[in-house]
Structures are given as structure tokens and as C-alpha cells.
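# what's the 3D shape of this:
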Amino acid sequence: MDYLPCEMVETSDNISAAVIWLHGLGASGHDFVPIIPRLTIPEALGIRFIFPHAPPLPVTINNGVVMPAWYDIYSMDMERKIDTPQIMASAQAIKNLIEREMENGIASDNIVLAGFSQGGAVAFEAGLSFDKPLAGLMSLSSYFATYKTIQLHPANKTIPIHIFQGTHDEIVTEPLAKLAEAELIKQNYAPEYKSYPMGHEVHYQEIEDISHWLQQVLT
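A predicted model of the protein is given here:
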């Protein structure tokens, strides 16, 4: 099977957990690698961080320019019209990475999906439709693009979900993140939500909170 190319960082010689972390539009798997040392993850947790690279795609909202993208976006309104087959394909590619980690001996409930912006939308689709229980789902400055079409799987009905959002974000506005929270609650999930005084970026306090949450769901 062909897998997405990935960057990998391991926090221990004895790996027992994995975090698959998706970057945003126009970025790459290198994007969040520098954050790992700042998370100060205890060596005993033994986490493999996996940062896949999105394929190059023409993006309509950027005048058709080809760039790393998980799916095409047709408009930037609240509905965020997107290429649904592309986001489904990206979600399947992430599921393939989850299954590869399971084949390498990592239990599914020791695997976290995380994503920033576009990557978070794919993480929602992949994680909530995956047929084995996962450890958690983390949305960073993102939105639930497929809440109307997703085929939810009962295996992840109680998955821990944390939404992190910037109050000054002009790319993925807070109402979009709040919509994700509301739609999850409608489906009987119990997402945690925290906002920070930031734009479309990562806040220093957010990094501490991510570390705390990861340790909580992987311990």
C-alpha cells in the first residue's frame, strides 16, 4: 500500500502510543515538528508523532494555485463549500496511517488524531468514522467540514475531543469552531473547548494545554 509521506518524531526508544498530526492548507508535515520539544512529553509515555504531508492540489479560493492541500475549498463563507470526495480520500489516507501504526503494535486506543485548520477538518472525518476506538481527537483552529455527510461509527462514540481556537482568527473564525462544538454536542459527543487571544496560529498557553491533554488521554 502507498502511504502518505510523513515526518516522524519519537519521544522514547519504547513506543507505545502515536499522534497523527495534520498540517493546514499550504503548509507541510514539517510545520509542527518544532513544537514537540516544547510539549515536554514524559519519556515514559513513548509517543511517536507522525506528521503527514498533504498532496499538491489546485485550490479554488487561491485562484487555482497548486499547493499542499487535503481538499479543495470553493468558498470561504460559513458553509465552507468543499470538494467532498477529496476530503474523503484524505480521511482514508489518514485511516491507512492509523492501521499501519496498529500493524506496528500500537493499540488503536493509544492513537490520537490532531489537525490544524484544514487538517483538523480531515481529522474530524477520519476519527469519527473510524471503526476502532481511538484515544482522542484534537482540533486546532479548525472546523467540522463534513458534519452534514459524515458516517459516524459507534466505535468512537465516546472519544475524547478537544477544540482549541483563536478568538481573533480571521481564517477559521470562532463561529466556525463553535459550530463544530454545537454539532458534536447534537450527536452526543462531549467536546472540550478552549479559546485564546490569537489569530490563525498557535499560542504558547495552547502548547501547554495540548501537552496536558495528550498526557491525559494517553495515560
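# any idea how far residue 159 is from the residue of the chain most remote from its centre?
Going by CA atoms, centre = their mean, the residue of the chain most distant from its centre is residue 63, 25.5 Å out. The gap separating residue 63 from residue 159 is 37 Å, by CB to CB, to the nearest Å. Placement of C-beta: from N, CA and C, glycine included.
# what pLDDT, on average, does stretch 207-219 get?
The average pLDDT within stretch 207-219 is 97.
# no, scratch that, I was asking about stretch 31-39
97.
# next one: stretch 151-166
On average, stretch 151-166 scores 98.
# Span of that stretch from start to end?
Using CA to CA, to the nearest Å, one end of stretch 151-166 lies 28 Å from the other.
# What residues of it count as buried?
155-156, 159-166 (16 or more other CB atoms under 10 Å).
# What of stretch 86-100?
Applying 16+ other CB under 10 Å to stretch 86-100 flags 86-88, 90-91, 93-95, 97-100 as buried.
# Can you tell me which of these is nearest residue 111?
residue 98 (5.7 Å; CB to CB).
# check contacts around the residue nearest to that closest one when sequence neighbours are not counted.
Closest residue in space to residue 98, ignoring its immediate chain neighbours: residue 111 at 5.7 Å, by CB to CB, 6 or more residues apart in numbering. When the contact criterion is CB atoms under 8 Å, 6 or more residues apart in numbering, the partners of residue 111 are 17-20, 98, 101-102, 134-135.
# Next, count neighbours for the spatially closest residue to residue 168 that is not a sequence neighbour.
Sequence neighbours aside, residue 199 is the residue nearest to residue 168 in space, at 4.9 Å (criterion: CB to CB, 6+ apart). When counting by other CB atoms under 10 Å, one arrives at 14 neighbours for residue 199.
# about what we covered before: out of the buried residues of stretch 151-166, which two are the most distant from each other?
155 and 166 (31.2 Å).
# low pLDDT regions in this structure?
Across the chain, the ranges flagged by pLDDT under 70 are 78.
# how about a cut-off of 90?
For the chain, residues meeting the criterion pLDDT under 90 lie at 1, 75-80, 219.
# what comes into contact with stretch 197-204?
So stretch 197-204 is contacted by 35, 116-117, 140-141, 166-172, 196, 206 (CB under 8 Å, 6+ apart).
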